[in-house]
Each structure stands twice: as C-alpha cells, then as structure tokens.
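Chemist: Everything below, folded, please.
(chains A and B)
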Amino acid sequence: MPGPSRNHLIIGLGALAFAILMLLVWIPLDTDTGLIEKVRRQVTIGDAAAPSLAALFLLAGGALLVTVELRAPHQMRIRRGTVIAAGALFAAAVIGLLLMRYSGPAAVWLTNTITGGGLDYRLLRDTAPWKYTGFLLGGTAMVGAMIMVMERRVSLRALAVALLAVLAMIAIYDLPFDDLLLPPNGDV
Amino acid sequence: MKRMIKTGLAALGVAAMATGAWAQDWTPPGPIKLLIGFRAGGGADTQARLIAEALEQKNGWKFIPEQVTGKGGLNLAAALKDAPNDGTVIGLAVTETFGYNMAASRAGMTPEDYTGLSTTAGFQMGIVTRNETGWTSFDDMIAAARGGQDIRFGVMSPKLADLAYLLGKAQGVAFNIVSVKGGKAVMDGVNAGDLDVGFMAGIQAKGVAAGDLVNLASALSQPLVQTPEAPTMADLGVDFSADGYFVFVGPAGMPDAARDALAKAIAGVVSDESSKAGGLIVKAFGGAAVITGDDLTALMAKDYAEAADLLKAASE
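Modeler: Have a look, this model is predicted:
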C-alpha cells in the first residue's frame, strides 16, 4: 500500500513560494503607487492593491494545503506521464511563440545577408509576405506540436491541420481588416 | 541694382521652396504606429482616427492606430518615450499629460523626452450644471454652498480636482469633489443628478444649446466661446486654469524633416473644415487650434513648469 501522498505539501509549498515571490519581488518591481495612493486630499486604490490581494489569496490557499489539508485522504496523484505531457505542451507553446516573434526578423536578416540589402523588419511588419512569416511559422509549429503531443505521435497530418488552422485565422483576422496586425507585429 | 535685387529675391524664393519641398518630400520609412491615449469610440479617438484616415488619403501614408489609455496619458507617454524616433511612432494625447500629469507622477518623464508635432484643438472647458438646479450663474451656486448645500463637484483628472479645490478655497466654500473616469462620466453624473456641477471639456455644447445644461463659468484663462459672459478662473480668484490642447507628439530627437512634415500634414487636415476631421473638430471642440514647432516646445515646457506651482498651491 502506498504511503500518504505528499501532493498537497508540494503544491502548497509551490503556491506559498510563488505568493511570496509576487509580494516581495514582482509587485514592488512592477507597480508605481503602492497599496493606496494619497494624492493630496484624496485617497485612491494604488496599482499594487489588486495584485497584492490576489497574492494574499494564493498565500492563504498554499497555507491551507500545507496545514489543514496536508494529510487529507484521496489526494490527486501527480503521475510522471502527466508532468511530461504538461511540460511538452508548455514547450510547444514556448517554441511556437519564439518562432512567431523571431522568424520574421530572421528572414529579413537572411535576405539582407544574401542580397546585401538594408531591410528592417519593423518597417515591413505591415507588408506581405513578411508580415505573415512569424504568425505562419510560429502558429503552425505551436498548433502542430500540440496536436502531436496529444496524439503521442509525429505526423505530417498534424502539421497540415495546423497549417490550415493558421491560414484560416489569417483569413479571418488579417485579410478583412486594414488596421489590424497579426502577432507579433504589434510589438516589434 | 534692380537685377541684383531680382536675383536675390529669386534665390530667396528657391531657398524657401527648397525648405518646403524638404518637409513635403519626407515620407515615413514604414507604417506609422499611432498611439491613441483615449478610449475607443469617444470624440478624441474619433478625431485621431479621422486625421489618420485623411493623411492616408492625402499623403499615401499608412497608419496603424493603437489604444494606449490610462493614467492621464502617462501610459501612452511611457510607450512612446523609447520608441523609434524616425516618425514611424507618434501619439495623440493632451498637453495636460506632459504638464501636470508628468510633474505630479514619479515616472521619471519630462516634456524633453518628446517631440511636439502639432496641437489640433483646445478644450472649451466649462464648469457646468444642469438646468434643474436653478442656478443661472456661478454666484448662485456659491450662494447655495454658503447656505449649507453640499455641492458635489465632478472632475475627471487630478489637475481638475486641484482646480476645484482651489476654486472652493478662493470662494470660501468646500466642494465635495468627486473623481470619475472621463468627461462623459461627469456629464452623465450631472444629467442624472448624481453630481451638482462638473468640469466638461466641450461635451456640454449640445446640452447648453438645448437649455438642459448651463455653463456657470469658464475653467480657462479665456471666456468660453459658447457662453462668453461666464466668468473665467481668474475672475473667480484662481491663478491657474484648465487651458489645454489635444497634441500629437513623437519621441525626443525626431529629425526636423519628419517633424516638419508630420506637423504640417496634421495642421493642414485639422484646419480644413471641409474634411471629416476638421468638421468634427469644429463641432466637438469649437474649431482647430494649431500650435507647432518651437512654440509647441515652449508651451509644453511652460505647462510642466507651471504644474509645480499648481501642485504646491493645491497642497497648502
């Protein structure tokens, strides 16, 4: 018979660590005004109030898991396969996003290297075919890899489905609109 | 001698044409990202988009509008500050962003971090009540306040809150100052009776014309176009005013050719009342008010410097 599960302890400690990181590092670095802001005669809610509240809830949840719920029966079991699948999905998303962000500039750099030209991706971010490079490659890679992870096999069919899905998104979100930029072109 | 004068005049003409052509010949090296510091669908956003549309049609430039709202334009200013300064990133905000809001914040930004391109219109900022209050003048409202009535005064920015505070102080009354989001919220509050009076930056024009709203005072250094008899802030004992403009800006260090071409193009569109943008500016903001070049740089610097005085006065 297996011993008592340590899952609540692991998840609870993770939540506590993340909440403390939020409260002590992330929120102070990323907000300007503190919990409340006093502008001469008026007191208003500051930038840090809402995220601090969220971090406190996380802290309370983590504390409950490592105390009251520590030895609770029927704890969810984290299997190795589940962790690997989640990691693979996460990796697919990260690789897809990196391809989406950098394949356009990389294509421009390659073109400049070959032709000796001086193109700048930022200035081409609304010009076909450059503007589709990142979305097409990154999107196809992300969706295709996720399908393959779920199907547990590498297949060209998954890539073809992903390509069609991305082309459909381009048709819906880009072609009808003059002023809309596909990712990552709004941020380059 | 005559010949020399003619030659000199011709040379001057050529030089002037060359300067004009220099600015005119500038074309953006790529699409222009237009940051808009106002909520989508409002008058200011519509103004920005109509100006962009006119410039696209007239000059063949390409604009990509993007909403960057919040913190009285400081979010826009932060996004614009380190953007490329080749004319491909500009923004529409109000002069208050680069004056009071920057001076009051601790965000480390000053007007020197930006290149002023052109103002488009001023605000017809009035202190407005609804007809049902029965007040026909500012003095009527002050009399009501002195008689014990709690006057709920709607404001849509910290600067206006300070002005309302100083106005009350100058008149010997204490207003109940209520901060809301945007001029429309002030007008809605006044119309609904949730506020007794409030600052409105031109949005009140139709209501005043219809007799539903009353301009009790001008919040400017000048009288209101629609109600010239209403007293100004100076008349009411306050040395500060809500004078301000919509302003297009770019990051600091824009090349002169880009700055001049953008400023000239924007000024041309807003001053043309037959254009959609020009028509809207007449209707919503009382007409174009164009300030460009060194005058605009000086105006932004002055607003920033004066904001320190207002902050000090309002803190006393």
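
Chemist: What residues does chain B have near chain A?
Modeler: Counting by C-beta under 8 Å from any C-beta of the partner chain, the residues of chain B close to chain A are B:29-31, B:62-66, B:84, B:88, B:104-107, B:158, B:161-162, B:165, B:177, B:179, B:314-315. Using the backbone N, CA and C atoms, a C-beta is placed for each residue, glycine as well.

Chemist: Now go through the residues you listed and say which are in helices.
Modeler: With helices taken from DSSP state H, the overlap with the residues of chain B next to chain A comprises B:104, B:158, B:161, B:162, B:165, B:314, B:315.

Chemist: With neighbour count and pLDDT added, can I get those residues in TSV?
Modeler: Formatted as TSV, the entries for those read as follows, by neighbours: other C-beta atoms under 10 Å in any protein chain shown; pLDDT from 0 to 100:
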residue	neighbour count	pLDDT
B:104	21	88
B:158	21	88
B:161	23	93
B:162	24	93
B:165	22	94
B:314	21	89
B:315	11	83
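
Chemist: Check these and tell me the two furthest apart.
Modeler: Distance extremes for those: the farthest pair is B:104 and B:165 at 13.8 Å, using C-beta to C-beta.

Chemist: Next, the contact list for the residue of chain A found nearest chain B, please.
Modeler: Per C-beta to the nearest C-beta, the residue of chain A with the smallest distance to chain B is residue A:123, at 2.9 Å. Residue A:123 makes contact with B:29, B:30, B:31, B:88, according to C-beta atoms under 8 Å, 6 or more residues apart in numbering or on different chains.

Chemist: And residue B:53, by the same measure?
Modeler: B:63, B:276, B:277.

Chemist: Likewise for residue B:205?
Modeler: With C-beta under 8 Å, 6+ apart as the criterion, the residues that contact residue B:205 are B:124, B:226, B:284, B:286.

Chemist: how would you label the second one: helix, strand or coil?
Modeler: Right, the one you point to is residue B:226. When the structure is split into helix, strand and coil by DSSP: H, G, I helix; E, B strand; the rest coil, residue B:226 lands in coil.

Chemist: how about the nearest residue to residue B:211, chain neighbours excluded?
Modeler: Residue nearest to residue B:211 in three dimensions, not counting chain neighbours: residue B:131, with 6.1 Å by C-beta to C-beta, 6 or more residues apart in numbering or on different chains.

Chemist: so that neighbour touches residue B:213, yeah?
Modeler: Yes. Assessed by C-beta atoms under 8 Å, residue B:131 is found in contact with residue B:213 at 6.7 Å.

Chemist: Do a quick rundown of the helices in the chain.
Modeler: Unless you meant another one, I'm taking chain A. Going by DSSP H, chain A shows helices at A:7-21, A:27-30, A:49-66, A:80-115, A:130-151, A:156-173.

Chemist: ah, no, chain B please
Modeler: For chain B, the helices defined by DSSP H occupy B:2-25, B:43-59, B:74-81, B:95-96, B:102-104, B:138-146, B:158-171, B:183-192, B:205-210, B:256-271, B:276-285, B:293-315.

Chemist: Can you tell me which of the ones you listed is packed in deepest?
Modeler: Looking across the helices of chain B with neighbours counted as mean count of other C-beta atoms under 10 Å in any protein chain shown, the highest average goes to helix B:95-96: a mean of 25.

Chemist: So what touches that one?
Modeler: Looking at what lies outside helix B:95-96 - C-beta under 8 Å, 6+ apart - the contacts are B:72, B:73, B:119, B:157, B:159, B:244, B:245, B:247, B:299, B:300, B:303.

Chemist: show me the contacts for the residue in the stretch 101-250 of chain B positioned nearest to chain A.
Modeler: For the stretch 101-250 of chain B and chain A, the shortest gap (C-beta to the nearest C-beta) falls at residue B:158, measuring 5.5 Å. Neighbour list for residue B:158: A:39, B:72, B:100, B:101, B:104, B:179 [criterion: C-beta under 8 Å, 6+ apart].

Chemist: quick check: domain ranges of chain B?
Modeler: Here the domain parsing of chain B from automatic domain parsing is B:30-122+B:244-315, B:126-218.

Chemist: wait, residue B:59 sits on residue B:264?
Modeler: No. In terms of C-beta under 8 Å, residue B:59 does not count as a neighbour of residue B:264; the distance is 10.2 Å.

Chemist: what's the span of stretch B:235-243, first residue to last?
Modeler: Separation of the first and last residues of stretch B:235-243 by C-alpha to C-alpha, to the nearest Å is 15 Å.

Chemist: hmm, who's touching that stretch?
Modeler: Stretch B:235-243 is touched from outside by B:122-123, B:125, B:138, B:159-160, B:162-163, B:166-167, B:170-171, B:199, B:201, B:217, B:219-222, B:232-234, B:306, B:309-310, B:313, with contacts defined as C-beta under 8 Å, 6+ apart.

Chemist: just checking, residue B:106 touches residue A:32?
Modeler: Yes. When contacts are counted by C-beta under 8 Å, residue B:106 is listed as touching residue A:32 (6.7 Å).

Chemist: Those two: who's more crowded?
Modeler: Set residue B:106 next to residue A:32 and count neighbours by other C-beta atoms under 10 Å in any protein chain shown: residue A:32 wins out with 13 against 7.

Chemist: my guess is the more buried one meets residue B:104, correct?
Modeler: No. Counting by C-beta under 8 Å, residue A:32 stays clear of residue B:104, with 11.8 Å between them.

Chemist: Need the overlap of contacts for these two.
Modeler: Residues touching both residue A:32 and residue B:104 (C-beta under 8 Å, 6+ apart): there are none.

Chemist: Give me the neighbour count for residue 181.
Modeler: Assuming you mean chain A. 20.

Chemist: Chain B is the one I meant
Modeler: 10.

Chemist: For chain B, name the helix or strand with the lowest mean pLDDT.
Modeler: Of all the helices and strands that make up chain B, the one with the lowest confidence by mean pLDDT, DSSP states H and E is helix B:2-25; it has a mean of 47.

Chemist: picking up where we left off before, present the helices of chain A as JSON lines; the columns should include mean neighbour count, distance to residue B:115 and mean pLDDT.
Modeler: Rendered in JSON lines, the data for those read as follows (neighbours: other C-beta atoms under 10 Å in any protein chain shown; distance: least, C-beta to C-beta, whole Å; pLDDT from 0 to 100):
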{"stretch": "helix A:7-21", "mean neighbour count": "16", "distance to residue B:115": "40", "mean pLDDT": "94"}
{"stretch": "helix A:27-30", "mean neighbour count": "12", "distance to residue B:115": "28", "mean pLDDT": "90"}
{"stretch": "helix A:49-66", "mean neighbour count": "16", "distance to residue B:115": "34", "mean pLDDT": "96"}
{"stretch": "helix A:80-115", "mean neighbour count": "15", "distance to residue B:115": "27", "mean pLDDT": "96"}
{"stretch": "helix A:130-151", "mean neighbour count": "20", "distance to residue B:115": "28", "mean pLDDT": "97"}
{"stretch": "helix A:156-173", "mean neighbour count": "14", "distance to residue B:115": "33", "mean pLDDT": "97"}
